[in-house]
Structure formats: structure tokens, C-alpha cells
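**Student:** model the following, please.
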Amino acid sequence: MNSVTLIVVAVCFCLLAYRYYSAFISAKVLTLSDANVTPALKYQDGREFVPTNRWVVFGHHFAAIAGPGPLVGPILAAQFGWGPAYMWILLASVFAGGVQDLIILFASLRHKGESMVTIAKKEVGPVTGLATSFAVIFVVIVALAGLGIVVVNALYQNPWGTYTLFMTIPIAIIIGLYMFKLSPGSIRSGSIAGFLMVLFAVFSGNWLASSSWAGIFTLTKEQLSVALPLYGFIAAVLPVWLLLAPRDYLSSYMKIGTVTALALGILIVHPDISMPFTTTFVNGGGPIIPGPVWPYVCITIACGAISGAHSLISSGTTPKMMEQETDARMIAYGGMMVEAIVAVMALIAAVVLAPGDYFAINTSAAAFSKLNIPTVELKQLSELVGMDVAHRPGGAVSLAVGMAHIFSSIGGMKHLMNYWYQFSIMFEALFILTTIDAFTRVGRYILQDFFGTYIYAPFKNVNWWPGILITSTLISFSWGYLLFSGDVASIWPMFGVANQLMAVASLAIGTTIILKVGKKKTYALITAVPLAFLTVTVFIAGFLNVGLFLQRNDTLGYINGILSIILLILVAIILVDSCRKWLPLIKTSKPQGLNNHTVAQKIKTNQA
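**Tutor:** All right, here's what the predicted structure looks like:
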């Protein structure tokens, strides 16, 4: 199988889905209309609710949802072969992931930009609202730890990569000040300047790595495990326009540009797929993912297919920045289709490596020694990138090696392979940090809402400084603890199940919303069918995970096992309570609607 075929099929499939399926959902099911004023316009405060150009919002949304999941998940799932991963990415993204993201964003726009917790409470009931609160907090903490471990494994003892990633923070702040304060609306010039500065950071990193300054950026795993939560805290506290929005916007250019370059590289090089359609590990016993292909391929590849964490962005920062409701289709469903293509690219970068090289990079030395699979180019690849790439599990390194291998196969590029490798590491780390800052902020929103509802009312005010600092500290410390004490084997399976359990909850809430707003009750099948499949899949994976965690017989294993059981119970409560709500809704003949905003309100807001 040639990799070009996989790209062409994926692009055509996603384009057709966006053109027809998302248009049907937007126009017929949700009836999106710009007559409805958006929360960003109605409640703009210069800090949380900030009307923003739709391309900047798309960049922020895509950067926030496309963390390492579409990069790391497909690489880890390549253990089962390229076939199962490829089919799950395409089918799930079109019929589940894009649908979830669009419907939750629609609901948040009609609910004053409020979180999924509030939406669940209002649309389903207080029981589901409370269960969703706990579930979301758990998912945010586990997801952030899962994302952080990938950065740690890619950047430890790597001053070039650490320096480059660090430099993107002041660059984002400078561009944020320029685009939002010094010269409002200067999107083009700000984008070009930011892009050039990021490229300079990549190339100057080579000089820094061989200078006396290298020691400052040569960090251990423990140091990185402290630095990442500290960054998450700062990003959650600063105004959205100062760091989060410009950083995510610039990152989206780097991401889409790099993926486009990778696609062109594949078209030029035409690399063949080295990994078989399925491997001997489809029945379980793999060195990376211990379980069988089903259900584990579905929880290993979340972002890029369907990810419950997306619903937190769709009901978090994104609706607070949108100027027009009809942009929801481009931002949510379109963003999901782009992410699916990213996932396919990541899968290709992994499966063009020789199987022995792939497993040597993604497993520990002890695990790889038991496989009896010879390496092919591993030593040569390590020499070309300037560091030992063996036994760096987590997916990030093998993706960077695969991308660098493809780029360096183009005539005259081989001597630049170390640059391609570090650029790829920075590219991946940018994906992750943009998710860390957005998710830490979303976790802050959720925790403030929870504390404000059940403990002390002022917490509900998102601009109340004591609430901002307390909740940001709690969220950052919680996921930082898991990151500091865990590893890929303990965190990623937990992240996968927690993430997909959140998707089950989101689809259940989405089904309730469609039963309310849809002109035909049969429209609810749009979410009900993927909900049924995912429910069975994730609950089976959850029970299998509990057994694996308890077998570890250590503190972290017990913590993960208990958290998994709690999440399964919470999502079961949400499902039962949602079913209770569906029965009377199915019997109603007229749509109940969520049209809380009026044309008059929009005119009044614009005049003000």
C-alpha cells in the first residue's frame, strides 16, 4: 500500500462530509442563524468574552482541540496495524466527532457561552448537571496529565526543543499585544511577524544547544513535570487575548502549514507503508497497548476521531469569542475534519517506518528485547537527528523521526534532518501546550461554576480574582501531581477511557438537545447511533482498564482504578437520567427550541 492513496481517500471523504453532512445538520437540524446574537457580542468584557475575527477563532479552536491526541493516538494505535486506525479515524470523525463538536458549540452559543455542565443542568436536569460537573473535572485533570507526559518524554535532555517551545510564549504575548491593543485588527501583519519569529526560534535553537546557555534549557523529566503545570496556571489566569488566543492562532498556522508540508513531502517521496494492515497484536498482548484492537483502538485514538474533551472547548473559550452563529459549522465541524487529516498524517509518519524501528522507539528497552524484531535504520536515524531516539515512548519522538525521515528523503534535504526533527518536536509540543492552556482555563471555569453553585456564590463570577487564583491552582496542582508521578503506561489508557466517557456524556446531552430543537424526532439518530456504539465500547474498555490498573499493585494504579470506577458510575447516571428526559420529548410534536437571543437584542448590542 502506498501512503498517497491513504491521503487522497481521507481528504475526499472529509471534504464530502463537510460539504453535505455538516450542511444538513447546520441548516435542517440546528437551523443556525446570524439573527441570534452571540455571547461574545452580548457580554463582551475585554477579558473572557471578546468578539474575535472568525479565522482567529478557528485557529484558536483548532489549536485547542488538536492537542497531541491526533498525533500521538494514531501512532500508538499503529501497533495494531494501519488498517484499524485508519478506518476508525475517518468513520468516527465524520459521524461522531464532528457532530458532537458542532452540537455542543451550538448549545453553548444559545446558553450565553456557558459550560457543558450548565447546559446539562438546564437541558437534562440537576442530577445530570451534578454528575457532569464531577465527570468534567476528572476528565480535565486526567487529560492534562496525559498530554503533559508526551511533552516530558519528547523534551527532557533536549535543550534545542525546550528553548524553541519556551520562546513561543513571549512571541505569543508580543503578537497578542500588537493585534489586540497596539494595532487592533492587524491580523495579516501580526500573523506574518509571529510566524517568522517562531521559525527564528527553531533555527536559533541549534546555536543555543551548542552554547554555554544550553544548560538552562536542559531539563530533567521532573523539572519539566513542574514547569508544565506552572505554565498552565499562568495561561489560565492571564486575559484570553494576551496569551491563549494569539498563541493558539499562531500555533494553528504552524500546525496546518506543517501538515500541508508533510502531505506534499509524502506526495513527492511516495513512501510505502511498512506496517501491515493488521499485526499479531490485534488480539491483545501488545508492548504499547496491552488490550485487543477493539475496544482499545477506539480509546487510543480519541482526538482525530471523537474526543469528549472537545466538548469542553466547544462550551468553553470558543463560544465566548464568536461573532456570528453560522460560523459554528466552519469552526466546529470543519475543525474536526482538519484534525482527522492531521491524524491520518501522523499515522502515515509512523507506519512508513520499519516495524522494528517503530517498536524500538515506542517501547522501553526491556519490552523491546522480548519482541525479537530487528531494527533497520534506527542507528542511522539517531545519528542524523543528533540524539538517541530509541526507547522514548509516548509517540512524539516516533512522529518526529517519521516526519524527518520523509522530509530528508527529498533531494538535498538529508543534511537538514536534525532541523526537521527539532521542528517536528516543536510542532508537536505546540499542539500540546495550546491544549494545556485552553483546558486548564476550561477547568477553571468548571470549578468556579461548581464552587459558585454549591459552596460560595462569588466563585461564579469568572472575573473574581480570588476565585480565579484558587481554582487555577487546584486544577494545575491536580494534573501536575499525576504528571509528576505517572508514565505513559499508567496515564494514557486512563486518559483514553476518561476522554471517551466524556464523549458518551456529550452525545447523550446532544441527543436531548436535538429532540428539543429538531423538526423531526428521527434527527436524534445523528447522535443516538454513535452514542450507542461508543457506550458499549468505552464501558468495556473501562472495565478492562480497571483490571489492568489494580494489577499494578501500587498507589498510582489504585488511584487510576478508583477514578475509572467513579467515571463509569457518573456517566451511567448521565445516561439513565438522559433516557428519562428523552421519553416525554419523543412524544412532543413541536420543537421546544433554544432561541433565547433575538434580532432586537443583536441590534441593540451592536448599537451600544
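**Student:** residue 154 against residue 387, yeah?
**Tutor:** No: the criterion here is C-beta atoms under 8 Å, and residue 154 misses it with residue 387 at 11.0 Å. For every residue, glycine as well, the C-beta is placed using N, CA and C.
**Student:** between those two, point out the one with more neighbours.
**Tutor:** residue 154 (27 against 17; other C-beta atoms under 10 Å).
**Student:** now that one: how far from residue 504?
**Tutor:** Residue 154 is 30 Å from residue 504, where distance means C-beta to C-beta, to the nearest Å.
**Student:** for residue 20, same thing?
**Tutor:** Counting by C-beta to C-beta - residue 20 and residue 504 are separated by 26 Å.
**Student:** which one's more surrounded, the two?
**Tutor:** With neighbours defined as other C-beta under 10 Å, residue 20 and residue 504 compare such that residue 504 has more, 25 against 10.
**Student:** so what does the host helix or strand of the more buried one touch, helix or strand wise?
**Tutor:** Residue 504 is part of helix 488-517, with elements assigned from DSSP states H and E. Secondary-structure packing of helix 488-517 (3 or more C-beta pairs under 8 Å, 6 or more residues apart in numbering; DSSP states H and E): helix 69-77, helix 98-110, helix 116-123, helix 126-155, helix 293-300, helix 309-314, helix 525-552, helix 555-587.
**Student:** which one of those lies closest to residue 348?
**Tutor:** helix 69-77 (8.8 Å; C-beta to C-beta).
**Student:** buried set for the following helix or strand past that closest one?
**Tutor:** Next in sequence after helix 69-77, counting helices and strands by DSSP H and E, comes helix 82-92. Neighbour counts using 16 or more other C-beta atoms under 10 Å place 82, 83, 84, 85, 86, 88, 89, 90, 91, 92 of helix 82-92 among the buried residues.
**Student:** enumerate every residue touching the second one.
**Tutor:** Residues touching residue 83, when contacts are defined by C-beta atoms under 8 Å, 6 or more residues apart in numbering, comprise 277, 278.
**Student:** for stretch 323-335, the averaged confidence score.
**Tutor:** Stretch 323-335 shows a mean pLDDT of 94 in the predicted model.
**Student:** so which bits of it are buried?
**Tutor:** 324, 325, 327, 328, 329, 330, 331, 332, 333, 334, 335.
**Student:** could you do stretch 292-302 as well?
**Tutor:** Residues of stretch 292-302 classed as buried: 292, 293, 295, 296, 297, 298, 299, 300, 301, 302 (neighbour count, 16+ other C-beta under 10 Å).
**Student:** ok, now which ones touch the third one?
**Tutor:** Going back to what we said before, that points to residue 295. Residue 295 touches 537, 538, 540, 541, 544, counting by C-beta under 8 Å, 6+ apart.
**Student:** how about the second one: what's its closest non-neighbour residue?
**Tutor:** Yep, that's residue 538 we're talking about. Distances taken as C-beta to C-beta, 6 or more residues apart in numbering place residue 500 nearest to residue 538, at 4.4 Å, with adjacent residues excluded.
**Student:** tell me which helix or strand in this structure has the weakest average pLDDT.
**Tutor:** The least trusted helix or strand in the chain, going by mean pLDDT, DSSP states H and E, turns out to be helix 599-607, with a mean of 41.
**Student:** skipping adjacent residues, who's closest to residue 535 in space?
**Tutor:** Per C-beta to C-beta, 6+ apart, closest to residue 535 is residue 504, 5.4 Å.
**Student:** between the helices and strands packed on helix 488-517, which gets nearest to residue 449?
**Tutor:** That would be helix 116-123 among those, by C-beta to C-beta, at 5.9 Å.
**Student:** and the closest one with helix 126-155, angle?
**Tutor:** Angle, helix 116-123 to helix 126-155, by axes from the mean of the first three to the mean of the last three C-alpha atoms, to 10 degrees: 160 degrees.
**Student:** export helix 116-123 to CSV, keeping only CA atoms.
**Tutor:** Backbone C-alpha positions of helix 116-123 (Å, rounded to 0.1, in the frame of the first residue of the first chain) are rendered in CSV as follows:
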residue,chain,number,x,y,z
MET,A,116,-21.4,21.9,29.3
VAL,A,117,-22.1,21.5,33.0
THR,A,118,-24.6,24.3,32.9
ILE,A,119,-26.1,23.1,29.6
ALA,A,120,-26.5,19.6,31.1
LYS,A,121,-28.2,21.0,34.2
LYS,A,122,-30.6,23.2,32.1
GLU,A,123,-31.4,20.8,29.3
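**Student:** and the contacts of the one helix or strand residue 164 maps to?
**Tutor:** Following DSSP H and E, one finds residue 164 within helix 159-177. Applying C-beta under 8 Å, 6+ apart, the external contacts of helix 159-177 come out as 151, 154-155, 190, 193-194, 197-198, 201-202, 204-206, 208-209, 214-219, 224, 231, 241-243, 245-247, 250-251, 422, 425-426, 429-430, 433.
**Student:** show me which of these are buried.
**Tutor:** Applying 16+ other C-beta under 10 Å to the contacts of helix 159-177, the neighbour count classes 151, 154-155, 190, 193-194, 197-198, 201-202, 205-206, 208-209, 214, 217-219, 224, 231, 241-243, 245-247, 250-251, 422, 425-426, 429-430, 433 as buried.
**Student:** show only the entries of the residues you listed found in helices.
**Tutor:** Among these, DSSP state H puts 151, 154-155, 190, 193-194, 197-198, 201-202, 205-206, 208-209, 224, 231, 245-247, 250-251, 422, 425-426, 429-430, 433 in helices.
**Student:** point out where the stretch 51-200 of the chain drops to low pLDDT.
**Tutor:** 67-69, 185 (pLDDT under 70).
**Student:** contacting residues for residue 103?
**Tutor:** Neighbouring residues of residue 103 by C-beta under 8 Å, 6+ apart: 25, 30, 510, 513, 514, 527.
**Student:** quick check: of the residues you listed, which lies closest to residue 559?
**Tutor:** Nearest to residue 559 out of the contacts of residue 103 is residue 510 (C-beta to C-beta; 30.7 Å).
**Student:** can you tell me the closest non-neighbouring residue to residue 222?
**Tutor:** Excluding its sequence neighbours, the residue lying closest to residue 222 (C-beta to C-beta, 6+ apart) is residue 484, at 6.9 Å.
**Student:** number of nearby residues for residue 22?
**Tutor:** Look at residue 22: counted by other C-beta under 10 Å, it has 22 neighbours.
**Student:** check contacts around it.
**Tutor:** Contact analysis of residue 22 by C-beta under 8 Å, 6+ apart lists 98, 102, 329, 333, 334.
**Student:** for it, what are phi and psi?
**Tutor:** Here is the backbone geometry of residue 22 (degrees, to the nearest 10): phi -70, psi -30.
**Student:** please settle this for me: is residue 359 part of a strand?
**Tutor:** No: the assignment for residue 359 by DSSP: H, G, I helix; E, B strand; the rest coil gives helix, which leaves it out of any strand.
**Student:** let's have the contacts of residue 295 in TSV, adding distance to residue 561.
**Tutor:** Shown next, in TSV, are the contacts of residue 295 (distance: C-beta to C-beta, whole Å):
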residue	distance to residue 561
537	20
538	16
540	16
541	14
544	12
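**Student:** just these now: which is nearest residue 44?
**Tutor:** Looking at these and their distance to residue 44, the nearest is residue 538, at 38.2 Å (C-beta to C-beta).
**Student:** check what pLDDT the closest one gets.
**Tutor:** Predicted confidence (pLDDT) for residue 538: 90.
**Student:** run a quick neighbour tally on it.
**Tutor:** Neighbours of residue 538 under the rule other C-beta under 10 Å: 27.
**Student:** repeat for residue 457
**Tutor:** Close neighbours of residue 457, defined as other C-beta under 10 Å, add up to 11.
**Student:** pLDDT value on it, please?
**Tutor:** So, for residue 457, pLDDT stands at 87.
**Student:** and it, how far is that from residue 467?
**Tutor:** In terms of C-beta to C-beta, residue 457 sits 10 Å off from residue 467.
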